[in-house]
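>>> predicted model, plus sequence, below.
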Amino acid sequence: MKRIAVIGAVLEKPHLCQKLFNETIANFRGIIRGRMGTPFDDEDMTVIAITVIGELNDINALTGKLGSLPNVTVKTAVSNTLPDHAGS
């Protein structure tokens with residue numbers, strides 16, 4: 001059953017991890033509905049919010065892959081199960 005989630009990611013030293021982060025996101029483009037990034041150049045960090053809709057296993061897989069990247073910290077908030085007709 002599908003769920004909606006927002007994945008928040010903090011990239012420390014984004015010049016070291018942004019390319020791999022973006023490649024990982026591209027592998028999950030089927031569940032991604034939106035992405036917003038805010039650079040903090042003076043702090044050498046970037047904050048990214050990704051909105052997704054999909055099966056919990058797919059959301060967890062994306063979160064896990066992003067969280068395993070060096071210099072990346074990830075937290076996810078997930079909705080309750082959606083009705084069968086939602087997201088179709």
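Received the coordinates, thanks.
>>> please make it C-alpha for all contacts and neighbour counts, starting now.
Will do.
>>> and the residue nearest to residue 65 when sequence neighbours are not counted, how far is that from residue 1?
Excluding its sequence neighbours, the residue lying closest to residue 65 (CA to CA, 6 or more residues apart in numbering) is residue 24, at 7.3 Å. Residue 24 sits 23 Å away from residue 1, going by CA to CA, to the nearest Å.
>>> okay, strands next: where are they in this protein?
Assigned strands in the chain, in chain order: 2-12, 32-40, 45-55, 72-78 (criterion: DSSP state E).
>>> export the last one to CSV, keeping only CA atoms.
The one in question is strand 72-78. In CSV, the C-alpha atoms belonging to strand 72-78 read as follows (Å, rounded to 0.1, in the frame of the first residue of the first chain):
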residue,chain,number,x,y,z
VAL,A,72,24.8,12.7,4.4
THR,A,73,22.3,12.7,7.3
VAL,A,74,18.7,11.6,6.6
LYS,A,75,15.4,11.7,8.5
THR,A,76,12.1,10.6,7.0
ALA,A,77,8.4,11.3,8.0
VAL,A,78,5.9,8.8,6.5
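>>> hmm, back to that, in TSV: the strands of the chain, plus mean neighbour count, distance to residue 64 and mean pLDDT.
Shown next, in TSV, are those (neighbours: other CA atoms under 10 Å; distance: least, CA to CA, whole Å; pLDDT from 0 to 100):
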stretch	mean neighbour count	distance to residue 64	mean pLDDT
strand 2-12	20	11	97
strand 32-40	13	15	98
strand 45-55	18	14	97
strand 72-78	16	8	98
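>>> and the nearest residue to residue 34 once chain neighbours are set aside, what does it touch?
Counting by CA to CA, 6+ apart, residue 51 is the residue found nearest to residue 34 once chain neighbours are left out, at 5.0 Å. Counting by CA atoms under 8 Å, 6 or more residues apart in numbering, residue 51 touches 4-7, 32-35.
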